[in-house]
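Novice: Okay, structure incoming, though there's no sequence with it:
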């Protein structure tokens, strides 16, 4: 792996912009969730099935994001990390976040809302990744260009798997990633409150979605 000195571009600023964009998209989708309901109602089999699949997606996302942190360990601005999950896709953290986004939306009981969450996350992360790739390309030059050429941006290619013999783990970052992932679980009580409001008719449902 190649190291480089810091530049004036702060990836932290890009990540802050990403978080604001995620928040705005989340608020818009939550607004839609307040006035829509899954087909069959909040107690229907479809609703319960989508919620269960969503919970599995959230757990998968939390575990996957933590796994990625074992490899990246806060070195994104200093190294080209190309082993473990980073050998399969250049942005495994975001890939696992897509599962989290689906899981959050699925707690509405609607697959359509869940897909909306994924599409919003994909749009936001594509813009973020473009900025990050420009930074990393300037930092690491041909090495990063070669990594980009052989490794897909999002869709994993499992034929490319390669691992490290040793990992340098930063426990604080690992725990921070776990904590951030746990936020996805807040969707469960939140959407349960929405379900209660719709069942008790103090939230007006204007559309039913699959």
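Specialist: Great, that's in hand. Bear in mind that the values here come from a model prediction, so they are computed numbers and not experimental data. Numbering: from 1, shown residues only.
Novice: other SSEs contacting the lengthiest helix in the chain?
Specialist: The longest helix of the chain (DSSP state H) is helix 111-150. When contacts are defined as 3 or more CB pairs under 8 Å, 6 or more residues apart in numbering; DSSP states H and E, helix 111-150 packs onto helix 11-34, helix 45-72, helix 92-106, strand 207-209. No exception for glycine: its C-beta is placed from N, CA and C like everyone else's.
Novice: looking at this structure, which helix or strand does the model trust least?
Specialist: helix 11-34 (a mean of 74; mean pLDDT, DSSP states H and E).
Novice: Quick one: mean pLDDT for the helix or strand just after that helix?
Specialist: Next helix or strand after helix 11-34 toward the C-terminus (DSSP states H and E): strand 36-38. If you average the pLDDT over strand 36-38, you get 88.
Novice: partners of strand 36-38 in the sheet?
Specialist: Its sheet considered, strand 36-38 pairs with strand 207-209 (parallel) by DSSP bridges.
Novice: which of the residues in the strand it pairs with are buried?
Specialist: Across strand 207-209, burial judged by 16 or more other CB atoms under 10 Å covers residue 209.
Novice: Averaged pLDDT, it. What do you get?
Specialist: When pLDDT is averaged over strand 207-209, the result is 85.
Novice: what does that strand contact?
Specialist: Under the contact criterion CB atoms under 8 Å, 6 or more residues apart in numbering, strand 207-209 has outside partners 35-39, 110-113.
Novice: List the residues that contact the residue most central in space within the chain.
Specialist: Centroid check for the chain by CA atoms, centre = their mean gives residue 97 as the closest residue, at 1.5 Å. Counting by CB under 8 Å, 6+ apart, residue 97 makes contact with 61, 65, 121, 125.
Novice: Mind pulling up the pLDDT for the nearest residue to the third one once chain neighbours are set aside?
Specialist: This points to residue 121. In space, and not counting its chain neighbours, residue 121 is closest to residue 101: 4.0 Å by CB to CB, 6 or more residues apart in numbering. The model reports residue 101 with a pLDDT of 94.
Novice: And for residue 101, the neighbour number?
Specialist: Residues lying near residue 101 (other CB atoms under 10 Å) number 31.
Novice: Pretty sure residue 99 sits against residue 59.
Specialist: No - with contact defined as CB atoms under 8 Å, residue 99 does not count as touching residue 59 (9.2 Å).
Novice: okay, those two: which has more neighbours?
Specialist: It is residue 99, of residue 99 and residue 59, that has more neighbours when counted by other CB under 10 Å, with 23 against 16.
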